[in-house]
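Colleague: Just the structure for this:
(chains A, B and C)
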Amino acid sequence: MPELPEVETIRRQLAPRVAGTVIEDAEVLDPLWCSPADPAAVEAQLRGRRIEAIGRRGKYLILALEGERFLVMHLRMTGNLLWIARDDAVNNPYLRFRLALEGGDSLQFVDLRRFGTGVVVDGRESLDPYLDSRLGPEPLDQSFTPDVLRSQAAGRKAPVKAFLLAQDRIAGVGNIYADEALFRARIHPLKPAGRLRRDQIERLHQGIREALEAGIESFGASIDRYRDSNGARGSMQDRFLIHRREGKPCPRCGATIVKIRAAGRGTYLCPRCQRAPARSA
DNA sequence: CGCGCAACCTGTCTGC
DNA sequence: TGCAGACAGGTTGCGC
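Modeller: Here you go, the predicted structure:
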(Lines give C-alpha, C1' and ligand atoms only; values in the text may rest on other atoms or scores of the structure.)
Protein backbone atom coordinates (compact mmCIF):
# COMPACT_ATOMS: atom_id res chain seq x y z
CA MET A 1 0.00 0.00 0.00
CA PRO A 2 1.95 2.98 1.11
CA GLU A 3 5.14 3.23 -0.87
CA LEU A 4 7.48 6.17 -1.18
CA PRO A 5 5.00 8.58 -2.84
CA GLU A 6 2.26 7.84 -0.32
CA VAL A 7 4.57 8.30 2.68
CA GLU A 8 6.03 11.45 1.15
CA THR A 9 2.52 12.84 0.65
CA ILE A 10 1.75 12.32 4.32
CA ARG A 11 5.06 13.86 5.35
CA ARG A 12 4.45 17.01 3.30
CA GLN A 13 0.97 17.40 4.72
CA LEU A 14 1.99 16.88 8.32
CA ALA A 15 5.17 18.95 8.37
CA PRO A 16 3.53 22.40 8.60
CA ARG A 17 0.90 21.19 11.03
CA VAL A 18 2.90 19.30 13.62
CA ALA A 19 6.41 20.72 13.47
CA GLY A 20 7.01 22.76 16.59
CA THR A 21 4.12 21.34 18.59
CA VAL A 22 4.42 19.42 21.83
CA ILE A 23 3.17 15.88 22.36
CA GLU A 24 0.84 16.15 25.34
CA ASP A 25 -0.02 12.50 25.49
CA ALA A 26 0.85 9.26 23.72
CA GLU A 27 -1.30 6.15 23.72
CA VAL A 28 -0.39 2.71 22.36
CA LEU A 29 -3.73 0.92 21.98
CA ASP A 30 -2.31 -2.20 20.32
CA PRO A 31 0.83 -3.66 21.91
CA LEU A 32 1.67 -5.30 18.58
CA TRP A 33 2.22 -1.82 17.14
CA CYS A 34 5.43 -1.31 19.10
CA SER A 35 6.35 -4.89 20.00
CA PRO A 36 8.67 -6.08 21.34
CA ALA A 37 8.92 -2.81 23.27
CA ASP A 38 6.78 -2.11 26.32
CA PRO A 39 3.86 0.17 25.32
CA ALA A 40 4.00 2.09 28.60
CA ALA A 41 7.71 2.76 28.10
CA VAL A 42 7.11 4.00 24.56
CA GLU A 43 4.35 6.30 25.75
CA ALA A 44 6.62 7.73 28.44
CA GLN A 45 9.41 8.33 25.92
CA LEU A 46 7.12 10.47 23.78
CA ARG A 47 5.04 12.34 26.33
CA GLY A 48 5.98 16.00 26.75
CA ARG A 49 8.46 16.11 23.88
CA ARG A 50 8.35 18.77 21.20
CA ILE A 51 8.21 17.63 17.56
CA GLU A 52 11.00 19.40 15.72
CA ALA A 53 10.59 17.98 12.22
CA ILE A 54 9.01 15.22 10.23
CA GLY A 55 11.09 13.25 7.76
CA ARG A 56 11.00 10.25 5.50
CA ARG A 57 13.49 7.57 4.52
CA GLY A 58 12.27 4.91 2.11
CA LYS A 59 8.81 4.04 3.36
CA TYR A 60 9.59 5.06 6.94
CA LEU A 61 8.05 8.19 8.41
CA ILE A 62 10.15 9.78 11.11
CA LEU A 63 9.11 12.25 13.77
CA ALA A 64 12.23 14.03 15.02
CA LEU A 65 11.71 15.08 18.63
CA GLU A 66 13.72 17.39 20.80
CA GLY A 67 16.70 15.80 22.44
CA GLU A 68 17.61 13.71 19.37
CA ARG A 69 14.81 11.28 19.96
CA PHE A 70 13.04 9.78 16.94
CA LEU A 71 9.72 8.05 16.45
CA VAL A 72 10.14 5.82 13.39
CA MET A 73 6.87 4.57 11.94
CA HIS A 74 6.05 2.20 9.09
CA LEU A 75 2.55 1.91 7.59
CA ARG A 76 3.20 -1.48 5.97
CA MET A 77 0.15 -2.72 4.03
CA THR A 78 -2.90 -1.00 5.47
CA GLY A 79 -1.65 1.67 7.86
CA ASN A 80 -2.92 5.25 7.77
CA LEU A 81 -1.57 8.17 9.74
CA LEU A 82 -4.43 10.62 10.20
CA TRP A 83 -4.32 14.18 11.44
CA ILE A 84 -7.48 14.83 13.42
CA ALA A 85 -8.48 18.40 14.22
CA ARG A 86 -9.55 19.13 17.77
CA ASP A 87 -13.14 18.30 18.50
CA ASP A 88 -13.42 16.01 15.52
CA ALA A 89 -14.97 12.95 17.08
CA VAL A 90 -13.48 9.76 15.69
CA ASN A 91 -14.30 6.25 16.71
CA ASN A 92 -12.17 3.98 14.60
CA PRO A 93 -12.02 0.31 15.58
CA TYR A 94 -8.61 -0.02 13.94
CA LEU A 95 -6.93 2.74 15.95
CA ARG A 96 -3.54 1.40 17.12
CA PHE A 97 -1.68 4.45 18.34
CA ARG A 98 -2.49 8.03 19.13
CA LEU A 99 -0.56 11.23 19.81
CA ALA A 100 -2.47 14.05 21.51
CA LEU A 101 -0.89 17.33 20.47
CA GLU A 102 -0.72 20.63 22.23
CA GLY A 103 -3.75 22.64 21.10
CA GLY A 104 -6.04 19.65 20.93
CA ASP A 105 -5.28 18.15 17.52
CA SER A 106 -4.11 14.56 17.31
CA LEU A 107 -2.25 12.10 15.13
CA GLN A 108 -3.91 8.72 14.83
CA PHE A 109 -2.27 5.57 13.48
CA VAL A 110 -5.06 3.41 12.08
CA ASP A 111 -4.28 -0.02 10.68
CA LEU A 112 -6.64 -2.80 9.70
CA ARG A 113 -4.10 -5.59 9.30
CA ARG A 114 -1.94 -4.62 12.26
CA PHE A 115 1.35 -4.91 10.37
CA GLY A 116 2.21 -1.27 10.96
CA THR A 117 4.90 -0.45 13.48
CA GLY A 118 6.41 2.30 15.56
CA VAL A 119 9.76 2.36 17.32
CA VAL A 120 11.54 5.00 19.39
CA VAL A 121 15.22 5.49 18.65
CA ASP A 122 17.53 7.67 20.73
CA GLY A 123 20.35 9.63 19.12
CA ARG A 124 21.33 10.28 15.53
CA GLU A 125 24.10 7.74 15.97
CA SER A 126 21.42 5.09 16.55
CA LEU A 127 18.95 6.29 13.94
CA ASP A 128 21.32 6.21 10.98
CA PRO A 129 22.41 2.58 11.44
CA TYR A 130 18.80 1.57 12.05
CA LEU A 131 17.79 2.99 8.68
CA ASP A 132 20.94 2.38 6.68
CA SER A 133 21.10 -1.29 7.62
CA ARG A 134 17.64 -1.76 6.10
CA LEU A 135 17.60 0.68 3.22
CA GLY A 136 19.49 1.28 0.01
CA PRO A 137 19.80 4.65 -1.75
CA GLU A 138 16.91 7.11 -2.01
CA PRO A 139 15.80 6.97 -5.64
CA LEU A 140 14.80 10.64 -5.80
CA ASP A 141 18.08 11.92 -4.37
CA GLN A 142 20.48 13.73 -6.67
CA SER A 143 23.07 11.12 -5.77
CA PHE A 144 20.95 8.30 -7.21
CA THR A 145 22.51 8.04 -10.66
CA PRO A 146 22.30 5.30 -13.29
CA ASP A 147 25.76 4.21 -12.11
CA VAL A 148 24.42 3.71 -8.58
CA LEU A 149 21.54 1.66 -9.95
CA ARG A 150 23.92 -0.40 -12.04
CA SER A 151 26.19 -1.17 -9.08
CA GLN A 152 23.18 -2.15 -6.96
CA ALA A 153 22.01 -4.55 -9.67
CA ALA A 154 25.44 -5.96 -10.52
CA GLY A 155 25.67 -9.70 -10.10
CA ARG A 156 22.00 -10.14 -9.11
CA LYS A 157 20.36 -13.22 -10.52
CA ALA A 158 16.97 -12.44 -9.00
CA PRO A 159 14.27 -11.07 -11.31
CA VAL A 160 14.45 -7.31 -11.67
CA LYS A 161 10.99 -7.09 -10.10
CA ALA A 162 12.31 -8.74 -6.92
CA PHE A 163 15.34 -6.46 -7.07
CA LEU A 164 13.15 -3.35 -7.16
CA LEU A 165 11.14 -4.59 -4.18
CA ALA A 166 14.27 -5.19 -2.06
CA GLN A 167 14.43 -2.14 0.20
CA ASP A 168 18.13 -2.69 0.95
CA ARG A 169 18.85 -2.25 -2.77
CA ILE A 170 16.60 0.73 -3.53
CA ALA A 171 14.52 2.37 -0.84
CA GLY A 172 10.84 3.10 -1.18
CA VAL A 173 9.75 1.20 -4.30
CA GLY A 174 6.88 -1.25 -3.77
CA ASN A 175 4.70 -3.42 -5.96
CA ILE A 176 2.80 -0.60 -7.66
CA TYR A 177 5.73 1.59 -8.62
CA ALA A 178 7.92 -1.39 -9.53
CA ASP A 179 5.38 -2.35 -12.21
CA GLU A 180 5.05 1.23 -13.40
CA ALA A 181 8.82 1.74 -13.55
CA LEU A 182 9.43 -1.50 -15.48
CA PHE A 183 6.72 -0.64 -17.99
CA ARG A 184 8.18 2.81 -18.54
CA ALA A 185 11.59 1.22 -19.05
CA ARG A 186 10.16 -1.50 -21.34
CA ILE A 187 11.81 -4.24 -19.28
CA HIS A 188 10.27 -7.62 -18.49
CA PRO A 189 9.84 -8.14 -14.71
CA LEU A 190 11.48 -11.57 -14.82
CA LYS A 191 14.69 -10.33 -16.45
CA PRO A 192 17.57 -11.03 -14.05
CA ALA A 193 18.61 -7.70 -12.54
CA GLY A 194 22.31 -8.31 -13.10
CA ARG A 195 21.84 -8.92 -16.81
CA LEU A 196 20.36 -5.53 -17.66
CA ARG A 197 22.25 -3.80 -20.43
CA ARG A 198 23.53 -0.30 -19.95
CA ASP A 199 20.72 1.26 -21.97
CA GLN A 200 18.18 -0.72 -19.96
CA ILE A 201 19.72 0.54 -16.72
CA GLU A 202 19.40 4.09 -18.03
CA ARG A 203 15.75 3.57 -18.88
CA LEU A 204 15.02 1.85 -15.58
CA HIS A 205 16.65 4.68 -13.66
CA GLN A 206 14.44 7.17 -15.47
CA GLY A 207 11.38 4.91 -15.15
CA ILE A 208 11.78 4.62 -11.39
CA ARG A 209 12.04 8.36 -10.99
CA GLU A 210 9.18 9.19 -13.31
CA ALA A 211 6.88 6.62 -11.71
CA LEU A 212 7.62 7.88 -8.20
CA GLU A 213 7.30 11.53 -9.20
CA ALA A 214 3.96 10.84 -10.87
CA GLY A 215 2.85 9.21 -7.65
CA ILE A 216 3.83 12.21 -5.56
CA GLU A 217 2.16 14.64 -8.00
CA SER A 218 -1.05 12.61 -7.65
CA PHE A 219 -0.84 12.41 -3.85
CA GLY A 220 -0.36 8.65 -3.95
CA ALA A 221 -2.44 5.70 -5.09
CA SER A 222 -5.59 4.71 -3.21
CA ILE A 223 -6.38 1.24 -4.50
CA ASP A 224 -7.76 -0.02 -1.25
CA ARG A 225 -7.06 1.34 2.20
CA TYR A 226 -4.54 4.07 1.55
CA ARG A 227 -5.63 7.54 2.61
CA ASP A 228 -3.59 10.66 3.17
CA SER A 229 -3.35 12.37 6.56
CA ASN A 230 -6.69 14.09 5.90
CA GLY A 231 -8.38 10.79 5.19
CA ALA A 232 -8.62 11.66 1.50
CA ARG A 233 -7.78 9.40 -1.43
CA GLY A 234 -4.88 9.97 -3.78
CA SER A 235 -5.48 9.86 -7.52
CA MET A 236 -2.47 7.94 -8.82
CA GLN A 237 -4.65 4.87 -9.38
CA ASP A 238 -6.33 6.82 -12.20
CA ARG A 239 -2.95 7.40 -13.84
CA PHE A 240 -1.61 3.85 -13.73
CA LEU A 241 -0.06 2.91 -17.05
CA ILE A 242 0.13 -0.83 -16.37
CA HIS A 243 -0.55 -1.78 -12.74
CA ARG A 244 -3.96 -3.42 -12.19
CA ARG A 245 -4.85 -3.00 -15.85
CA GLU A 246 -5.04 -6.66 -16.85
CA GLY A 247 -7.03 -7.17 -20.05
CA LYS A 248 -6.86 -3.51 -21.00
CA PRO A 249 -4.85 -2.13 -23.92
CA CYS A 250 -1.25 -1.10 -23.43
CA PRO A 251 -1.12 2.71 -23.49
CA ARG A 252 1.93 2.54 -25.76
CA CYS A 253 1.19 -0.20 -28.31
CA GLY A 254 -2.37 -1.34 -27.69
CA ALA A 255 -1.51 -4.97 -26.94
CA THR A 256 -3.48 -6.61 -24.15
CA ILE A 257 -1.94 -6.20 -20.70
CA VAL A 258 -1.34 -9.46 -18.83
CA LYS A 259 -0.87 -10.37 -15.18
CA ILE A 260 1.79 -12.78 -14.02
CA ARG A 261 3.40 -13.68 -10.71
CA ALA A 262 6.89 -12.33 -10.06
CA ALA A 263 8.70 -12.29 -6.74
CA GLY A 264 5.52 -13.78 -5.30
CA ARG A 265 3.53 -10.68 -6.22
CA GLY A 266 0.85 -9.89 -8.73
CA THR A 267 2.72 -8.28 -11.61
CA TYR A 268 1.34 -6.50 -14.67
CA LEU A 269 3.10 -6.05 -17.99
CA CYS A 270 2.69 -5.49 -21.70
CA PRO A 271 3.86 -8.68 -23.48
CA ARG A 272 4.83 -6.68 -26.56
CA CYS A 273 6.63 -3.70 -24.99
CA GLN A 274 8.26 -5.76 -22.24
CA ARG A 275 9.64 -8.77 -24.07
CA ALA A 276 10.30 -11.95 -22.11
CA PRO A 277 13.93 -12.61 -21.25
CA ALA A 278 15.60 -15.30 -23.33
CA ARG A 279 15.32 -18.66 -21.65
CA SER A 280 18.67 -19.98 -20.54
CA ALA A 281 19.58 -23.68 -20.86
C1' DC B 1 25.81 -13.60 1.12
C1' DG B 2 21.85 -14.44 -2.33
C1' DC B 3 17.47 -16.11 -3.12
C1' DG B 4 12.65 -17.97 -2.45
C1' DC B 5 9.08 -18.56 0.52
C1' DA B 6 6.23 -18.81 4.78
C1' DA B 7 4.63 -16.01 8.37
C1' DC B 8 2.62 -11.92 10.55
C1' DC B 9 -3.11 -10.17 10.47
C1' DT B 10 -7.75 -9.04 8.74
C1' DG B 11 -11.02 -8.19 5.11
C1' DT B 12 -12.76 -9.09 0.54
C1' DC B 13 -13.41 -11.48 -3.55
C1' DT B 14 -13.87 -15.82 -6.32
C1' DG B 15 -15.28 -20.31 -7.39
C1' DC B 16 -17.68 -24.47 -6.27
C1' DT C 1 -26.75 -18.75 -0.15
C1' DG C 2 -22.67 -20.60 2.20
C1' DC C 3 -18.14 -21.59 2.74
C1' DA C 4 -13.22 -22.71 1.80
C1' DG C 5 -9.38 -20.81 -0.32
C1' DA C 6 -6.82 -17.28 -2.64
C1' DC C 7 -5.36 -12.73 -2.62
C1' DA C 8 -4.16 -7.82 -1.03
C1' DG C 9 0.14 -2.40 -1.92
C1' DG C 10 5.34 -4.79 3.08
C1' DT C 11 8.93 -6.72 5.84
C1' DT C 12 11.25 -10.29 8.49
C1' DG C 13 13.16 -14.72 9.49
C1' DC C 14 14.28 -19.21 8.08
C1' DG C 15 16.11 -22.85 5.12
C1' DC C 16 18.91 -24.08 1.26
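Colleague: Quick check on A:A40: phi, psi?
Modeller: phi -60, psi -40 (degrees, to the nearest 10).
Colleague: Show me which positions of stretch A:45-53 end up buried.
Modeller: A:45-46, A:49, A:51-52 (16 or more other CB atoms under 10 Å). The way it works is simple: take the backbone N, C-alpha and C, and place the C-beta from them, glycine included.
Colleague: Check stretch A:16-26 too.
Modeller: Neighbour count says stretch A:16-26 has A:17-18, A:23, A:26 buried, by 16+ other CB under 10 Å.
Colleague: quick one: terminal-to-terminal distance for it?
Modeller: End-to-end span of stretch A:16-26 (CA to CA, to the nearest Å): 20 Å.
Colleague: Show me what the mean pLDDT comes to for it.
Modeller: The predicted model assigns stretch A:16-26 a mean pLDDT of 97.
Colleague: same deal with stretch A:198-206?
Modeller: Mean predicted lDDT for stretch A:198-206 stands at 98.
Colleague: which outside residues touch it?
Modeller: Contact with stretch A:198-206 is made by A:144-146, A:149-150, A:153, A:160, A:181-182, A:184-187, A:191, A:196, as judged by CB atoms under 8 Å, 6 or more residues apart in numbering.
Colleague: Mind checking which of those residues are buried?
Modeller: A:144, A:149-150, A:153, A:160, A:181-182, A:184-187, A:191, A:196.
Colleague: Out of those, which comes closest to DNA strand B?
Modeller: A:A153 (9.2 Å; CB to the nearest atom of the strand).
Colleague: That closest one and A:K191 touch, don't they?
Modeller: No: using CB atoms under 8 Å, A:A153 makes no contact with A:K191, being 10.4 Å away.
Colleague: what's the overlap in contacts for these two?
Modeller: Contact criterion CB under 8 Å, 6+ apart; residues shared by A:A153 and A:K191: A:V160.
Colleague: residues near the residue lying closest to A:L140 once chain neighbours are set aside, how many?
Modeller: Spatially, and ignoring its direct neighbours in sequence, A:L140 is nearest to A:L212 (6.1 Å; CB to CB, 6 or more residues apart in numbering). Residues near A:L212, counting by other CB atoms under 10 Å, number 21.
Colleague: Quickly check: the host helix or strand of A:L212 near DNA strand C or not.
Modeller: For A:L212, the element it lies in under DSSP states H and E is helix A:198-217. No: Helix A:198-217 does not reach DNA strand C (CB under 7 Å from any atom of the strand); its nearest approach is 11.0 Å.
Colleague: Which strands and helices lie in contact with the following helix or strand past that helix?
Modeller: Following helix A:198-217 in sequence order, the next helix or strand is strand A:258-262 (DSSP H and E). In this structure, strand A:258-262 packs against strand A:265-269, with contacts taken as 3 or more CB pairs under 8 Å, 6 or more residues apart in numbering; DSSP states H and E.
Colleague: ok, residues contacting the strand it packs on?
Modeller: By CB under 8 Å, 6+ apart, strand A:265-269 touches A:161, A:165, A:175, A:178-179, A:182-183, A:188-189, A:242-246, A:257-261.
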